[in-house]
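Visitor: Compute the structure for the input listed below.
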Amino acid sequence: QEQLVESGGGLVQAGGSLRLSCAASGRTFSMDVMAWFRQAPGKEREFVARIRRSPGTTYYSDSVKGRFFISRDSAKNTVYLQMNSLKPEDTAVYYCAAGTYYSTSYNSYDYWGQGTQVTVST
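Guide: Numbering: from 1, shown residues only. Next up is the predicted model:
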């Protein structure tokens with residue numbers, strides 16, 4: 001059964017760090033691209049970062065470049081999002097996604113997790 005389960009969200013002060021995890025099961029981890037998106041209240045879901053299965057190429061949105069880092073551990077079938085220097089505007093529900101196309105569009109992804117809340121206080 002294809003499934004993505006996020007964890008690691010929580011409340012953190014501005015300037016702090018969090019690491020999100022996405023555990024993949026079924027064929028999801030073998031898909032070509034794993035990505036993180038986020039959605040704040042009243043806003044559309046937006047792309048955050050993505051990583052290709054091989055050769056591990058990464059890409060980030062301008063809003064998180066240099067602060068967030070995506071990685072994957074094949075032995076654990078897990079994708080991570082290390083978030084540093086967090087800002088209040090990073091507050092959102094963060095979703096893990098898996099797909100075939102190396103895209104920033106949420107329509108391009110086939111599987112989604114349930115989301116994990118990240119709240120950054122001032």
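Visitor: Please count neighbours and contacts with C-alpha atoms only from this point.
Guide: Fine.
Visitor: what sits against the nearest residue to G10 once chain neighbours are set aside?
Guide: Leaving aside its sequence neighbours, G10 sits nearest to V118 (C-alpha to C-alpha, 6 or more residues apart in numbering; 5.0 Å). The contact partners of V118, taken as C-alpha atoms under 8 Å, 6 or more residues apart in numbering, are G9, G10, L11, V12, D90, T91, A92, V93, Y94.
Visitor: now those residues: which count as buried?
Guide: The neighbour-count test (16 or more other C-alpha atoms under 10 Å) marks G9, V12, D90, T91, A92, V93, Y94 as buried among the contacts of V118.
Visitor: from those residues, which ones fall inside strands?
Guide: Of the positions in those, V12, A92, V93, Y94 sit in strands, assigned by DSSP state E.
Visitor: Looking at those residues, which is nearest T57?
Guide: Using C-alpha to C-alpha, Y94 is the member of those that lies nearest T57, at 20.8 Å.
Visitor: Could you give the bridge partners of the closest one?
Guide: On the basis of DSSP bridges, Y94 is bridged to R38, T116.
Visitor: Then the one 4 residues further on?
Guide: As for beta bridges, A98 partners with M34, Y111 under DSSP bridges.
Visitor: can you give me the strands in this protein?
Guide: Going by DSSP E, the chain shows strands at 3-7, 10-13, 18-25, 33-39, 46-52, 58-60, 68-73, 78-83, 92-99, 109-112, 116-121.
Visitor: Only alpha carbons, please: show the first one as CSV.
Guide: The reference is to strand 3-7. The C-alpha coordinates for strand 3-7 follow below in CSV (Å, rounded to 0.1, in the frame of the first residue of the first chain):
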residue,chain,number,x,y,z
GLN,A,3,1.6,5.7,1.9
LEU,A,4,3.5,8.8,3.0
VAL,A,5,3.6,9.7,6.7
GLU,A,6,5.0,13.0,7.9
SER,A,7,6.3,13.8,11.4
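Visitor: which residues sit in contact with R67?
Guide: So R67 contacts M83, N84, S85, L86 (C-alpha under 8 Å, 6+ apart).
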